[in-house]
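Novice: one predicted model, sequence on top.
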Amino acid sequence: MISVSQLSVSFGAIHALTGVSFDAANGKITAILGANGAGKTTLLRTITGLEEAASGDITLDGESLLKKRTEDIARAGVGHVPEGRGVIAEFTVLENLRLGSLAAKVNFQEGIAEQFELFPVLGERRHQHAATLSGGERQMLAMARALIAKPTVLLLDEPSLGLAPLVTAEMMATISELCAKQNLTVLLVEQNAKSALKVAHDAVVLHLGKVVASASAQEVAGDERLRQYYLGLAEQ
Amino acid sequence: MTWLSSGFMSDVFLGITNGVLYGLIALSLVIVWRSTSILNFAQGAMAMFAAYVGMTMSSHGLNFWACFAIAIAAGFALGGLTERVLVRPLYKRPEINSIVVMVGFLGLLESAAAAIWSTAPRTLESPFSQIYFQHHGSTILLSPFALFQIIAALVIMTAVGAIFRYTNLGLQLRAAALAPEVARLLGVRVNRLLTFGWMLSSAAGVVAAVVISSSGSIGLSPTIMDGFFVFGFIAAAVGGLESPLGAVVAGLMIGLVQQFLQDYAPSGISSFAPVIILVVALMIRPQGLFSTTKARRV
Amino acid sequence: MSKLTTFSDARPTTTRFIKATVATILVALIAGYVLTPSTDIYIATAAAMAVSVMGLSILTGFSGQVSIGNAGFMAIGAYTTAIWANHHEHFPIVLSLVGSMAVGALGGIALGLPATRLRGPYLAGMTLAFGYVMTPFIQSLGSWTGGSGGLYFPVLVTPTWFTSLVGESENLIGANARYQAVLSVLVAGIALFFAANLSNSRVGRAMRLVRDDDVAAELVGVNLAQTRVTAFAASAALAALGGSLLALVAGAATSSTYGVALSIELLSLLVLGGMGSISGAIIAGILAAYTDLIMTKINSLTGIDPFSNLGANMKGIIFGVVLITMMLAAPRGLVGLATTLAAKARRLRSGAN
Ligand SMILES: Nc1ncnc2c1ncn2[C@@H]1O[C@H](COP(=O)(O)OP(=O)(O)O)[C@@H](O)[C@H]1O
Ligand SMILES: [Mg+2]
């Protein structure tokens, strides 16, 4: 379980997160929702040690992550697909995947076989440079690169950004399937609340760096006040 | 007289013999520039210092190859130490700080070497003859030592290239340089790799310094690498500081240009050649001749 | 960390500066009367080095372009003066100095023009290449420059009005050294005054804008190329002037003096004094003049044989260490360090109350 308690993060005078608390249950998808600038990316980056917390704590199965280095958090089984996907454009698909497999010391051949089964299009494009992939393919590559290390927690920062609605739906279905099959704990950051709430078990709603709601996905989806909040903000 | 001993070919041989050293130094600069965006002005001095360490061992009766190996090991150590102690605090500082610190380190190493080993040039006996080959009674400006110099440089260049291109370590080194944050998210220990990059770069430079100290016509002295560094830097800049292949090719080109200028241009101009080559090359292509990065402000 | 925090922004008002200059000159003149001929040489050297460091300060401190080749410009000044002196027996000294500055400025423009297309380490590397080739270049022009042996010229003749004003010294050398010191301090005062005005002028502000953020500077209408070349020209002119004054002290221009080591020394002195500050340049100049004396002290205190390898290279080692530690720990120089420490002490004291 990932447990965030009273977490505050600031950039100089900007308070990106203020007193954020919530739990993300093991083996479930927790959607982190909120408008642009709500602090979603900052939250994920603080979990993996890329930003420094001013106060509060983040624990993974009871152990604090705040003092750990990013690479050690990754090695402890937290996969983070960052905002903008972070595929290395100069590398081929295979090189990107190999990079993902190295720290985890998994069998690379078995790993890519698994990922190519999950994302067949990556198998077809294995020798292509990542720069030549489409947005959807890049998202798949980024996910496959995180998954090949067999993480127990997966942080996804706006996977649907820039994708066509149909591709988004497919992506969400894959995430849901992965979570169920591999008992993954997923933190799904989305502005696209509608798609995210379809697959999420729980949801946390951020607004200007504060938690305004933390409940089951169903409850959040059914709350008229929250829905308006979003629909008003999530205009495409 | 054969074509191999013609004036033209003589310049080609001498140019290549020097050019491989410039290429090696340029490659060494590119390795750390790509991963840490720091131009190591102390690179030549570090190589000089490590070469002295290796050479000291020859007075303890060790042969050339053992001294060579010790110098390279000293280069690895010095490179790692430099990154940990001097360079690491510079990553988040303005560029000007890193330039000044590396220049300070250059001055420190040269003075320290002079203090320890004096400024009198010394040579390390190599097993290769420096007598030029003869062919049908005429002299070809290549010696067994020159061949050793060329081959040693090419071997190191190839080895460095192979490490970057084909090994897992190389993949992680490249990732750490291209996208350090992403690399860390994938569990790559970027800090260690930066240290390793500096070690590798430093050791590659040492090969050039050891060759220079074995060359009877030059020998090792505290400031001997200044000139080689200037030409190596120019090669790296002309090749584009991002491009290892560019660095090597530009190093060879500059060796040749320098040699021909020395033979055919008035001495005032040929001594000014480094500046002229750099200025002309950067006028044509400010981002470097081989750099693929588009519209980069250098 | 913001770039802005790296430098001390010296913007002295003109009146304050005139006061400082007058005070410096007075102190030097009085010192000249009281002290021995050898002190005159120290004063002359300090003035020459202050001007040279100020030259680097304009380039590096004002406009943010690091030079590892300013000793090359000093060489230009030294040789211009030496060559001129050898061709004009009773040479008008002012003319000679102005001529050296002009030739230096031309050199600065020649190097500054290509430099406008370069940034940061590329630029620094180019200045290093320039500094490195100057020694062999000068030596290759043997018929003009006397080759590697250096170029000697007749000592500076002391005008009779100076002798009658200052009084007869014990010997010719003494009077000459006194004249040397007064002349150098006067020239340095004028040069530093010029630098202070440049710092306060529109051009100086443009340089600092370019240093801090060239994109923003361009947006507010600063001509980047012109500003950078101007900095090079002014820097080279002052370096050449410093080189000339130094050559006058030595009575010779020797190419090996103006190598890469001197360029590194200039950078160390600049960092010690504080980049971009007039008072920093003066401190640096005095430090430079007394370096050898300080080194002798250090050697005798530590018992190191000054003629041993270590003793002979102590200076370079200390300058290297100083450059590194100052840049890592106190990038604003000794003056900046003192200011920071004073502010800290003030805070501590007010905290205790
Ligand atoms: N590196 C940074 N420096 C300064 N402010 C930042 C930085 N990163 C994020 N912020 C600010 O923090 C707030 C939250 O940003 P972010 O976490 O990216 O929001 P979201 O991902 O929800 O769109 C915003 O106001 C943003 O401008
Ligand atoms: Mg975001």
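Specialist: Structure received. Ligands and ions are numbered 1, 2, ... in the order given.

Novice: which other residues reach the one helix or strand residue C:218 maps to?
Specialist: Residue C:218 belongs to helix C:214-219 when assigned by DSSP states H and E. Residues outside helix C:214-219 that contact it (CB atoms under 8 Å, 6 or more residues apart in numbering or on different chains): C:206, C:209, C:210, C:224, C:227. The C-beta positions use only the backbone N, C-alpha and C, and glycine is treated the same way.

Novice: which of the residues you listed count as buried?
Specialist: Buried by 16 or more other CB atoms under 10 Å in any protein chain shown: C:206, C:209, C:210, C:227, out of the contacts of helix C:214-219.

Novice: could I get those residues as a markdown table with secondary structure?
Specialist: Below are the buried ones among the contacts of helix C:214-219 laid out as a markdown table (DSSP: H, G, I helix; E, B strand; the rest coil):
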| residue | secondary structure |
| --- | --- |
| C:206 | helix |
| C:209 | helix |
| C:210 | helix |
| C:227 | helix |
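
Novice: between those, which is closest to chain B?
Specialist: residue C:210 (13.0 Å; CB to the nearest CB).

Novice: nearest residue to the closest one in space, please, no chain neighbours.
Specialist: residue C:217 (4.7 Å; CB to CB, 6 or more residues apart in numbering or on different chains).

Novice: show me which pair in the buried ones among the contacts of helix C:214-219 is furthest apart.
Specialist: C:209 and C:227 (8.1 Å; CB to CB).

Novice: is residue A:10 in a helix, a strand, or coil?
Specialist: When classified by three-state DSSP, residue A:10 comes out as strand.

Novice: what residues does chain A have near ligand 1?
Specialist: Applying CB under 6 Å from any ligand atom, we find that chain A lies next to ligand 1 at A:11, A:14, A:16, A:34, A:36, A:37, A:38, A:39, A:40, A:41, A:42.

Novice: out of those, which are close to chain B?
Specialist: Among the residues of chain A next to ligand 1, no residue lies close to chain B (CB under 8 Å from any CB of the partner chain).

Novice: helices of the stretch 51-200 of chain C, start to end?
Specialist: For the stretch 51-200 of chain C, helices defined by DSSP state H, counting those that start in this stretch occupy the ranges C:70-87, C:93-115, C:120-140, C:142-145, C:160-166, C:172-200.

Novice: any buried residues in the last one, and which?
Specialist: So the one you mean is helix C:172-200. Counting neighbours by 16+ other CB under 10 Å, one finds that the buried residues in helix C:172-200 are C:174-185, C:187-189, C:191-196, C:198-200.

Novice: one step back: I'd like the buried ones among the contacts of helix C:214-219 as a markdown table, with distance to residue A:59 and pLDDT appended.
Specialist: Formatted as a markdown table, those follow (distance: CB to CB, whole Å; pLDDT from 0 to 100):
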| residue | distance to residue A:59 | pLDDT |
| --- | --- | --- |
| C:206 | 54 | 90 |
| C:209 | 48 | 89 |
| C:210 | 49 | 87 |
| C:227 | 54 | 92 |
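
Novice: can you tell me which of these is closest to residue C:64?
Specialist: Using CB to CB, the buried ones among the contacts of helix C:214-219 come closest to residue C:64 at residue C:210, 6.9 Å.

Novice: tell me the contacts of the residue most central in space within chain C?
Specialist: Nearest to the geometric centre of chain C sits residue C:52, at 1.7 Å (CA atoms, centre = their mean). Going by CB under 8 Å, 6+ apart, residue C:52 touches C:70, C:74, C:238, C:239, C:242, C:243, C:246, C:266, C:285.

Novice: mind running it again at 7 Å?
Specialist: The contact partners of residue C:52, by CB atoms under 7 Å, 6 or more residues apart in numbering or on different chains, come to C:74, C:239, C:242, C:243, C:266.

Novice: how about residue A:24?
Specialist: Counted by CB under 7 Å, 6+ apart, residue A:24 has contacts A:1, A:2, A:30, A:185, A:187.

Novice: hmm, back to that, and the residue nearest to residue C:210, how many residues sit next to it?
Specialist: 20 (other CB atoms under 10 Å in any protein chain shown).

Novice: what does residue A:29 give?
Specialist: Neighbour count of residue A:29, defined by other CB under 10 Å: 26.

Novice: please apply the same query to residue C:70.
Specialist: Residue C:70 - counted by other CB under 10 Å - has 31 other residues nearby.

Novice: what of the one 5 residues further on?
Specialist: Taking other CB under 10 Å as the neighbour definition, residue C:75 ends up with a count of 31.

Novice: find the closest residue to chain C in chain A.
Specialist: For chain A, the residue closest to chain C is residue A:12, as judged by CB to the nearest CB, at 11.3 Å.

Novice: of all the residues of chain A next to ligand 1, which two lie farthest apart?
Specialist: That would be A:11 and A:34, which, of the residues of chain A next to ligand 1, are the farthest apart (CB to CB) at 17.1 Å.

Novice: which one of these two is surrounded by more residues?
Specialist: residue A:34 (26 against 9).

Novice: residue B:129 versus the closest residue to residue B:3 other than its chain neighbours, what's the distance?
Specialist: In this structure, residue B:3 finds its nearest non-sequential neighbour in residue B:9, 6.2 Å apart by CB to CB, 6+ apart. Using CB to CB, to the nearest Å, residue B:9 is found at 20 Å from residue B:129.

Novice: try residue A:142
Specialist: Separation of residue A:142 from residue B:129 (CB to CB) stands at 58 Å.

Novice: these two: who's more crowded?
Specialist: A count of neighbours by other CB under 10 Å puts residue A:142 above the other of residue A:142 and residue B:129, at 25 against 12.

Novice: three-state assignment of the closest residue to the more buried one other than its chain neighbours?
Specialist: Counting by CB to CB, 6+ apart, residue A:142 lies nearest to residue A:85, which is 4.2 Å off, once chain neighbours are set aside. Three-state assignment for residue A:85 (three-state DSSP): coil.

Novice: same question for residue A:23.
Specialist: strand.

Novice: what about it, how many residues nearby?
Specialist: Neighbourhood size, residue A:23 [other CB under 10 Å]: 15.

Novice: doesn't residue C:293 lie inside a strand?
Specialist: No: per three-state DSSP, residue C:293 lies outside any strand segment and is helix.
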